[in-house]
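A.B. asks: quick one, what's the 3D model for this:
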Amino acid sequence: MEQSIEKTILGNLVYNDPYVRMAFPFLKTEYFMNNDEQKLFGIISEHIEKYKNSPSREVLHIMLNERDNLTEEAYKNIFGLIDELKLTEDDNIQWLTDTTEKFCQEKALYNALMESVHIVDGEDKAQDKGEIPKILTDALSVSFDPSIGHDYFEDSEDRFDYYHQKESKIEFDLEMLNKITKGGLSRKSLNIILAGTGVGKSLFMCHCSAGNLSAGNNVLYITLEMAEEKIAERIDANLLDVSMEDLSGLSKEKYLEKVERVRSKTIGKLVVKEYPTAIAHTGHFRHLINELSLKKKFIPDIIYVDYLNICSSSRLKSGIANSYTYVKSIAEELRGLAVEYNVPVVSATQTTRSGYGNSDVELTDTSESFGLPATADLMFALISSDELEELDQVMIKQLKNRYNDLIINKKFVLGIDRAKMRLYDAENSAQDLILEKDDSVGLETPMKSGWSI
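C.D. replies: Next up is the predicted model:
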């Protein structure tokens, strides 16, 4: 009699310890379509999870006898299955593992397709059609991961290759920002801008979005503060080289001509999506990304969220948790989103009341939660003053930096053109002036050569 893959798996779960360690974490009850095999797998997995080893045939008989919810026929069938269990004669553990992995992948996909059909037919009231792309993606991602950690000595060659491998980053169009991040924003990272009201958080993100688009990247800009059209207007001013005031004065022909000129110079796309304040969370963002992938073939290279404090948490309810826990939860969820989709996420946060107008903002000036800087990979403050505004400049102060040494170029200035929603690299003399001011008040600063652009 031909042995089925299901019986082969069940037999090796009982008699093959190396196989158990490799395959058991990936097996699920729903992968076994036969009701008796499904119940037997449940008994075996119950023992493995509790005692961390495989049950013997005698143990399975005892556990089966303790089941009082089985019919006489089911009892006889499962008893017979237990007696048929045997170790695979072929001692090739790799073949057995590969075959089990293929079994899991096929069953996961079949179950996902059936679940999707139930959703489409309206039989599953708990999920809507927007969940289908994620269900199928999760099923297609089933695989046995053989990695169980990095062995310091055995994996030293891989580590050397990693040190000399150029990391895929999303570059800025501003030299100083590329300098402090060693070439741009890393994927799977959360990057935060700290600033007071009206200093330029949205301007900064709109400028960077325009720069990313011009460089050929796909940009997703999520706004919870301003309307989609307002964000697009700011990006228009930047890309079309027209002031905000003059945009409305352009003829339709002239406007579309300028947009077409921008389109012809990039392969990237930009999508701006508006959500109500304090309503949307990462669950909504995932749904949006899946919808964009399905309907527009759009996969973002970088995501902007304007801004973090007015997002909602998908795990905690507002008003139940304190602000520290709640904002930290939002930050962790955004960073999780960055890891899941392999993109940098850029967002912003407000300064505290004491930090507003402060010319030397610190991490402690972060509004609502100090848990936010603890989660971020990069965090810097945008600082403005009457003097800087007269010079059309804004100061950047690094607060946390996992990309580079925080002390090098800790403070520097960028030029700012608020009419066209643009930032630009300031001259060397402007950076030298920052150094001189810090030296005059006795602050520790890097050498002047470290500030050159």
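
A.B. asks: what's the local residue count around residue 104?
C.D. replies: Using other C-beta atoms under 10 Å, the number of residues around residue 104 comes to 20. In this view, the C-beta of every residue, glycine as well, is placed from N, C-alpha and C.

A.B. asks: all strands for the stretch 151-300 of the chain, in order.
C.D. replies: 169-170, 185-186, 189-195, 219-223, 270-274 (DSSP state E, counting those that start in this stretch).

A.B. asks: got a markdown table for those, with mean neighbour count too?
C.D. replies: Shown next, in a markdown table, are the strands of the stretch 151-300 of the chain (neighbours: other C-beta atoms under 10 Å):
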| stretch | mean neighbour count |
| --- | --- |
| strand 169-170 | 20 |
| strand 185-186 | 22 |
| strand 189-195 | 26 |
| strand 219-223 | 25 |
| strand 270-274 | 19 |
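
A.B. asks: same list, those strands, but as CSV with mean pLDDT and distance to residue 179 please.
C.D. replies: Formatted as CSV, the strands of the stretch 151-300 of the chain follow (pLDDT from 0 to 100; distance: least, C-beta to C-beta, whole Å):
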stretch, mean pLDDT, distance to residue 179
strand 169-170, 93, 13
strand 185-186, 95, 13
strand 189-195, 93, 15
strand 219-223, 96, 22
strand 270-274, 95, 26
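
A.B. asks: could you dump those strands into TSV and include distance to residue 377?
C.D. replies: Listed next are these as TSV, based on distance: least, C-beta to C-beta, whole Å:
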stretch	distance to residue 377
strand 169-170	12
strand 185-186	7
strand 189-195	4
strand 219-223	19
strand 270-274	23
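
A.B. asks: roughly how far is the longest helix along the chain from the heart of the chain?
C.D. replies: Taking DSSP state H as the criterion, the chain has its longest helix at helix 93-120. The chain centre lies 26 Å from the centre of helix 93-120; the measure is C-alpha atoms, centre = their mean, to the nearest Å.

A.B. asks: helices or strands next to that helix in the packing?
C.D. replies: Judged by 3 or more C-beta pairs under 8 Å, 6 or more residues apart in numbering; DSSP states H and E, the packing partners of helix 93-120 are helix 5-15, helix 17-23, helix 132-140.

A.B. asks: could you figure out how far it is turned away from helix 5-15?
C.D. replies: On the basis of axes from the mean of the first three to the mean of the last three C-alpha atoms, to 10 degrees, helix 93-120 is oriented at 130 degrees to helix 5-15.

A.B. asks: give me the angle between helix 93-120 and helix 132-140.
C.D. replies: 170 degrees.

A.B. asks: can you give me the buried ones in helix 93-120?
C.D. replies: 96-97, 99-101, 103-105, 107-108, 111-112, 115-116, 119 (16 or more other C-beta atoms under 10 Å).

A.B. asks: now distance to residue 177 too, for the helices and strands packed on helix 93-120, in a markdown table please.
C.D. replies: Formatted as a markdown table, those follow (distance: least, C-beta to C-beta, whole Å):
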| stretch | distance to residue 177 |
| --- | --- |
| helix 5-15 | 53 |
| helix 17-23 | 45 |
| helix 132-140 | 33 |
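
A.B. asks: and the ones you listed: which comes nearest residue 433?
C.D. replies: helix 132-140 (51.7 Å; C-beta to C-beta).
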